[in-house]
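Enquirer: with the input below, show me the fold.
(one chain, ligands or ions: 1)
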Amino acid sequence: MKYVSTRSNAASVSSAQAIVQGLSHEGGLFVPENFPAVSLSTVEKMVSMDYAGRAKTILSLFLTDYTEDELSDCVREAYTEGRFVGEPAPLKKVGDNYVLELWHGPTHAFKDMALQMLPRLMTRAMKKVGVKEQVFILVATSGDTGKAALEGFCDVPGTHVGVFFPVDGVSPAQKLQMITQEGANTHVCSVYGNFDDAQTGVKTIFNDEAFAKELKEKGYVLSSANSINWGRLVPQVAYYFSAYCDLVKQGALKLGDKADFCVPTGNFGNILAAYYAKRMGLPVGKLLCASNKNNVLFDFITGGTYNANRDFHKTASPSMDILVSSNLERLLYELCGKNPETVESWMKALKSGGEYTVDEKTLNALQESFAAAWTDDGKAFAAIKDVQDKENYLLDTHTAVAWVAAEEYHKNGGNNPMVVVSTASPYKFSRSVLCALTGSSHEELDEFACADKLESLSSLKMPATLRDLKSKPVRHKDVVNPAEMLSEVRSWAK
Ligand SMILES: *Cc1c(COP(=O)(O)O)cnc(C)c1O
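Expert: Okay, the predicted model is just below:
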């Protein structure tokens, strides 16, 4: 399997090369040149496998330049011997929906599903491609990716990881998780601005050829652990197959019947993996893209115009506070008939004027697979309270956005089993979740007291790794303007 760029048919590379490199040279994203087909009989075989086995089945179709043994080692290290508590991706019936819990990894957000895998793929890829330099992973994060990347790469030989996060754009627990990060190869810095500013800053550094040369002389190559990296995306395809297998196993549907998936969406990586699963033959009905008040994707999916020129809202679901969804470019590439010039023209228009409109054929293709909904904090909070009261199940603020979308979709006649993708532990956003339950923002309580109160009101226990943050020393204190991000990286890559 080869990988091409969304902005050039000329770039054709192996998966190892795509993973080491992160972005294609002309700024495009790597995409598989086709989608390997998975038959229903393969899905049937996967039903009786554990998560590691299911993941290996999917990964081996895309990562054809890795050996069987390498992939077996990767999935075993990541999902069996890794730091997931119990099953990595359990599916639970809650009310009329099925909740796919993707937050049982070390940082308690779904990013662990990919970021416990990426370093293992990356270090093996470096050997395959013959990279002699150390890989310097740069990440812009809206909260969860940063910590998951730091945990994934912490003290992995031959790698460094540097994380930028928006100074006021992450939750207190997320911030504490990052600034207390241990490890000799970890670097963390906050940026004045929002997530898009941090992401743009990182992209600018990636596209700076002179800086790349300077780093190379010092013995480093840059790569990315953002969901623009193929090695981030491909492990995510696996859990859609796994969820479907569990629907079959639980008798929610018969093999071959369709399931719908509702995904709380920000950078469009998670839901894109669902689309890839559908293209591979997984029986998927609709993919429901759920947004918070930053509803640029809702407008795009319903109307065909992507317009990032709008107010940025800080919401109670900060990991979805995004106006420029990087991975959408990969979907556009598929929908417009794999035409790099067309993709490039839209991306250019987005960069210069902040908006673009797709043609009718592309819009039709988009709406054939996707539906969209958006929810404000008020409705999401009401859903958290309602589901806790009725089902004794605690949703986090992001999953609640998807829950509301899923319920509305049912009301409008959606009949397939609905999988609501749950992306974070409620204890990453304790104050907001507590506020949803009690109606008070509890100014008198600190983050940990909020978590204690939340524990007393629900049957879900706080993860020990989050509780332990209280006693950890702060190791990373830098704050910079976006324009200073490059010199910050320079100071890290000594
Ligand atoms: C990253 C994240 C999202 C958004 O996922 P994308 O792949 O960026 O669309 C949603 N919820 C949580 C908790 C996240 O960490």
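
Enquirer: look up the closest residue to Leu288, ignoring the ones flanking it.
Expert: In space, and not counting its chain neighbours, Leu288 is closest to Cys262: 4.0 Å by Cβ to Cβ, 6 or more residues apart in numbering. Where C-beta positions appear, they are placed from N, C-alpha and C, glycine not excepted.

Enquirer: er, Asn34 I mean
Expert: Met1 (7.8 Å).

Enquirer: again with Ala149
Expert: Ala225 (4.2 Å).

Enquirer: next, count neighbours for the one you found.
Expert: 31 (other Cβ atoms under 10 Å).

Enquirer: again with the one 10 residues further on
Expert: Using other Cβ under 10 Å, Pro235 has 27 neighbouring residues.

Enquirer: got the contact list for Trp492?
Expert: By Cβ atoms under 8 Å, 6 or more residues apart in numbering, Trp492 lies in contact with 136, 160, 162, 187.

Enquirer: the host helix or strand of the last one: what's the following helix or strand?
Expert: Which is His187. For His187, the host element (DSSP states H and E) is strand 186-191. Next helix or strand after strand 186-191 toward the C-terminus (DSSP H and E): helix 195-206.

Enquirer: what about that following helix and the ligand, any contact?
Expert: No - using Cβ under 6 Å from any ligand atom, helix 195-206 stays clear of the ligand, coming no nearer than 10.0 Å.

Enquirer: next, the buried residues of that helix.
Expert: Using 16 or more other Cβ atoms under 10 Å as the burial criterion, the residues of helix 195-206 that qualify are 195-203, 205-206.

Enquirer: what angle sits between that helix and strand 186-191?
Expert: 120 degrees (axes from the mean of the first three to the mean of the last three Cα atoms, to 10 degrees).

Enquirer: let's have the chain start at 54 instead
Expert: I'll keep to 54 as the first residue from here, and by that count the last item is helix 248-259.

Enquirer: which residues are contacting helix 248-259?
Expert: Everything outside helix 248-259 that qualifies as a contact, by Cβ under 8 Å, 6+ apart, is 75-76, 191-195, 217-219, 222, 244, 264, 275, 277, 279, 365, 374-377, 379, 535, 538-539, 542.

Enquirer: give me the mean pLDDT for that helix.
Expert: Helix 248-259 shows a mean pLDDT of 90.

Enquirer: do stretch 317-333 as well
Expert: Per-residue scores along stretch 317-333 average to 97.

Enquirer: follow-up on the earlier one: so which of the contacts of helix 248-259 sit within strands?
Expert: Using DSSP state E, 191-193, 217-219, 244, 275, 277 are the members of the contacts of helix 248-259 that sit in strands.

Enquirer: from those, which two are the most distant?
Expert: Pro219 and Leu275 (20.8 Å; Cβ to Cβ).

Enquirer: related to what we said a few turns ago, out of the contacts of Trp545, who's nearest the ligand?
Expert: Using Cβ to the nearest ligand atom, Gly215 is the member of those that sits closest to the ligand, with 18.6 Å.

Enquirer: partner strands of the host helix or strand of the closest one, with direction?
Expert: Element membership for Gly215 (DSSP H and E) is strand 212-219. The strands beside strand 212-219 in its sheet (DSSP bridges) come out as strand 187-193 (parallel), strand 239-244 (parallel).

Enquirer: can you show me the CA trace of the first one as PDB?
Expert: Which is strand 187-193. Below are the C-alpha coordinates for strand 187-193, written out as PDB (Å, rounded to 0.1, in the frame of the first residue of the first chain):
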ATOM      1  CA  GLN A 187      16.400  11.900  16.300                       C
ATOM      2  CA  VAL A 188      12.800  12.600  15.600                       C
ATOM      3  CA  PHE A 189      11.400  15.700  17.100                       C
ATOM      4  CA  ILE A 190       7.700  15.400  17.500                       C
ATOM      5  CA  LEU A 191       5.900  18.800  17.500                       C
ATOM      6  CA  VAL A 192       2.300  19.000  18.700                       C
ATOM      7  CA  ALA A 193      -0.300  21.700  18.900                       C
END
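
Enquirer: how far off centre is it?
Expert: Centroid displacement of strand 187-193 relative to its chain, using Cα atoms, centre = their mean, to the nearest Å, is 17 Å.

Enquirer: close to the ligand, is the next helix or strand after it?
Expert: Going down the chain from strand 187-193, the next helix or strand is helix 197-206, by DSSP H and E. Yes - under the criterion of Cβ under 6 Å from any ligand atom, the ligand is reached by helix 197-206 at Asp197.

Enquirer: packing partners for helix 197-206?
Expert: helix 164-168, helix 171-182, strand 187-193, strand 212-219, helix 225-232, strand 239-244 (3 or more Cβ pairs under 8 Å, 6 or more residues apart in numbering; DSSP states H and E).

Enquirer: tilt between it and helix 248-259?
Expert: Using the same axes, to 10 degrees: helix 197-206 against helix 248-259 is 50 degrees.

Enquirer: with that, I have no additional questions.
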